[in-house]
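Asker: Any chance you can model this:
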Amino acid sequence: MLELAKEIVSSGPSGVIALLAFAAFGVAWKALSVLESAKKKDKE
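Answerer: As a prediction, the model looks like this:
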């Protein structure tokens, strides 16, 4: 994974932007799944 990140960064600014967007998406997805499980616990 780290090697892939280095390769993307060396490919230029567009690669860095894509990497940041991917990371942001991953964080948002994780946060959403945590919120969903919290909602389910509240209903039970």
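Asker: Name the residue closest to the centre of the protein, please.
Answerer: G26 (1.8 Å; Cα atoms, centre = their mean).
Asker: And that residue, how far from E7?
Answerer: Distance of G26 to E7, computed by Cβ to Cβ, to the nearest Å: 18 Å. Quick note: C-beta positions are derived from backbone N, CA and C, even for glycine.
Asker: Average pLDDT for the strand or helix carrying K6, rounded please.
Answerer: Here K6, judged by DSSP states H and E, is contained in helix 2-10. Taken as a whole, helix 2-10 has a mean pLDDT of 80.
Asker: what's it in contact with?
Answerer: With contact meaning Cβ atoms under 8 Å, 6 or more residues apart in numbering, helix 2-10 is reached by G15, V16, A18, L19.
Asker: any idea which helix or strand comes after that helix?
Answerer: helix 13-43.
Asker: That following helix vs helix 2-10, what angle?
Answerer: 130 degrees (axes from the mean of the first three to the mean of the last three Cα atoms, to 10 degrees).
Asker: Could I get the average pLDDT for helix 13-43?
Answerer: The average pLDDT within helix 13-43 is 90.
Asker: what comes up buried for that helix?
Answerer: Going by neighbour count (16 or more other Cβ atoms under 10 Å), nothing in helix 13-43 comes out as buried.
Asker: Which other helices and strands does that helix contact?
Answerer: In terms of contacts (3 or more Cβ pairs under 8 Å, 6 or more residues apart in numbering; DSSP states H and E), helix 13-43 is packed against helix 2-10.
Asker: Show me what counts as buried in the helix it packs on.
Answerer: I8.
Asker: So what's the gap between stretch 18-30 and the chain middle?
Answerer: Stretch 18-30 sits 2 Å away from the centroid of its parent chain (Cα atoms, centre = their mean, to the nearest Å).
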